[in-house]
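Participant: starting from these lines, generate the structure:
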Amino acid sequence: MEKSSKYQIIFYIQILLIAYMLLTRFALIFSYNLDADGAEFAFMHHIQQLLKGNELYPDPYVYPYSFVIYAPLYLYIVFFISKIIHLNYITDIHEIYVVGRIVSFLCVIGCLFIVDKLIKKHTTSLFIRVSSVFVFLNIISGHAFVLRSDGMKILFFLGFIYNYLNYFFYDKKPKNLVLLLLFSILSFLAKQDVIVYVILLLSIHFLYARNKSIFVVLVLSIMSFLLASIALKTVFGNFCFDNLLLFNLQTITSIKSSYNLLVVLFNTCRLLPVYMLLIYVIFQLRSKDEMLLKILITTSLIAAFLSSFFLFRPGSYLNYTYESSVLLMLALFFVLRKYAQQFSVLIIVYFALFFMSNLVIKNYRYFPAKEERYCTEYKDYFIMRKQLLPLLNHHESLFTPELMLSIFFADKNVIYGQEFHLDRLIYVLLGFQSESKLLFNSSEKYDENFVNGNVRYILTLDKKEAKEVLEKHYKHYTWKQNINHCLLYEFKE
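Facilitator: Below you'll find the model as predicted:
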């Protein structure tokens, strides 16, 4: 570690902040919050379907319209663990949450290990290694730690990056090529959008280097993704890619009134200094020996633009920026190796502000009073279930606009299909405006279920946004009764 007392103070502050961030997220593993980050309950629904013995990718065009827009790897890992320890998909909902969050937390720890290994190839400085871990924890959001596949995806993407760098710039061993391809496929199976960034990095490398080696790896990677896609369709059936692709293609009909614009502006503002520095540096590069830095800067800047574009998908959040942020982090590391002395004070101030931005969006916040409330609400949901069961004993259908409540009735006749009207789901849950529609699928057939009486009951949270959605979009339903903190509506001719 550097002898300077200034760096020693910063070093220990970073150690404390890393410990704080990890301990906070560890504590949140056991939270009774049904949505600690990123609509966890959607993943819970999919795991419940697997525990029920249902197929993962059913026909999304027929009742009950239960479709899955996520790749299978993470879901099956959580499912298998839950199955092995004999968790019940209704009575052990909290325990399944804990299993999923532990898997994600361990994936993040694995990410930190790979980040450290990457940095150790270039420096023995403990200060820089700790700083790199601190920066990584700041660029990811709470999505990586919860019952979602984001943490697993970024772990495997980092594994791909590590072996890519080894194969082309460091060890150049054949095993690195095998691992490069393996981790790219695993990241694809964790979350399919990673394919964009893997192909982008290899393509930029080819455009700069124009040699046989990178061309072969690019072709092998594309072939690997194609083979993995064929395997998915073979294993999971004809509707696999209808679920994974067509129901992911959502568009916003009014950008100005959408919350997505705020997310894009927030992400752009906090990364703007990095963008400006990298743009400045890339115009200074002249030597062929700086090939790696050119590749990383170019790829990271294009990836940042692409991720900002993808952020305009309804329901998107900062997890859409994980790959671009990792690439930006690596590019920044190589740049700062040259310019660290010139920018040292600015760097310290910048990442202090970056850490504060994470506190603002509650990535690393723990509220004991809220946790007590979540526990009480969780128990109340089971009381609500007990009260509502007599109405559902004759196979009457139930719909919950926010999806979250449906996980307590997964053994009953529940209709899903929230992706048909994702903007309604977002508004009921978060109060955020977002006018959206599917690009290639009409909701007409689905909507008929709420006009002809196929859906008998609608259960929703007792809040202003839910009432507004019911009044505007479900006019054939009238209030029947209050059940704890929820409202039950019944179809009326």
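Participant: use CA for all of it now, contacts and neighbours both
Facilitator: Will do.
Participant: tell me the contacts of residue 363?
Facilitator: The contact partners of residue 363, taken as CA atoms under 8 Å, 6 or more residues apart in numbering, are 141-142.
Participant: Validate this expectation: it resides in a strand.
Facilitator: No: the assignment for residue 363, made by DSSP: H, G, I helix; E, B strand; the rest coil, is coil rather than a strand.
Participant: need phi/psi at it.
Facilitator: The main-chain torsion angles of residue 363 are listed as degrees, to the nearest 10 and equal phi -60, psi -40.
Participant: ok, now how distant is it from residue 441?
Facilitator: Using CA to CA, to the nearest Å, one gets 34 Å for the distance from residue 363 to residue 441.
Participant: ok, now residue 42?
Facilitator: Relative to residue 441, and taking CA to CA, residue 42 is found at 20 Å.
Participant: which of those two has more neighbours?
Facilitator: Neighbours were counted for residue 42 and for residue 441 using other CA atoms under 10 Å; residue 42 has more, 22 against 14.
Participant: just the element for that one, please.
Facilitator: Assigned by DSSP states H and E, residue 42 belongs to helix 40-52.
Participant: tell me the helix or strand right after that helix.
Facilitator: Using DSSP H and E, the helix or strand that follows helix 40-52 in sequence is helix 73-84.
Participant: and that following helix, what's buried?
Facilitator: For helix 73-84, the buried set under the neighbour-count rule, 16 or more other CA atoms under 10 Å, comprises 73-76, 78-79, 82.
Participant: just name the closest of these to residue 173, please.
Facilitator: Residue 173 lies nearest to residue 73 out of these, by CA to CA, at 27.9 Å.
Participant: so what's that closest one closest to, chain neighbours aside?
Facilitator: residue 190 (5.0 Å; CA to CA, 6 or more residues apart in numbering).
Participant: quick check, that neighbour in contact with residue 153.
Facilitator: Yes: contact criterion CA atoms under 8 Å: residue 190 and residue 153 qualify, at 5.1 Å.
Participant: contacts for the helix or strand encompassing residue 373, please.
Facilitator: Using DSSP H and E, residue 373 sits within helix 368-392. Here helix 368-392 makes contact (CA under 8 Å, 6+ apart) with 31-34, 398, 405, 408-409, 412-413, 483-484.
Participant: and what of stretch 223-238?
Facilitator: Contacts for stretch 223-238 (CA under 8 Å, 6+ apart): 55-57, 181, 185, 188, 195, 239-241.
Participant: same thing but 6 Å
Facilitator: For stretch 223-238, contacts defined as CA atoms under 6 Å, 6 or more residues apart in numbering pick out residue 240.
Participant: return the distance of that stretch from the chain's centre.
Facilitator: Distance of stretch 223-238 from its chain centroid, counting by CA atoms, centre = their mean, to the nearest Å, is 22 Å.
Participant: mean confidence score for that stretch?
Facilitator: Stretch 223-238 shows a mean pLDDT of 94 in the predicted model.
Participant: could you pull out the buried residues of it?
Facilitator: Within stretch 223-238, the residues scored as buried using 16+ other CA under 10 Å are 224-225, 228-229, 232, 236.
Participant: extract the CA atoms of the helix holding residue 42 and return them as PDB.
Facilitator: In PDB, the C-alpha atoms belonging to helix 40-52 read as follows (Å, rounded to 0.1, in the frame of the first residue of the first chain):
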ATOM      1  CA  GLU A  40     -38.500 -10.100  -7.400                       C
ATOM      2  CA  PHE A  41     -42.000 -11.600  -7.200                       C
ATOM      3  CA  ALA A  42     -42.000 -12.100 -10.900                       C
ATOM      4  CA  PHE A  43     -39.100 -14.600 -10.500                       C
ATOM      5  CA  MET A  44     -40.900 -16.100  -7.500                       C
ATOM      6  CA  HIS A  45     -43.900 -16.700  -9.700                       C
ATOM      7  CA  HIS A  46     -41.700 -18.600 -12.300                       C
ATOM      8  CA  ILE A  47     -40.100 -20.700  -9.600                       C
ATOM      9  CA  GLN A  48     -43.500 -21.600  -8.200                       C
ATOM     10  CA  GLN A  49     -44.600 -22.800 -11.600                       C
ATOM     11  CA  LEU A  50     -41.500 -25.100 -11.700                       C
ATOM     12  CA  LEU A  51     -42.200 -26.400  -8.200                       C
ATOM     13  CA  LYS A  52     -45.800 -27.100  -9.300                       C
END
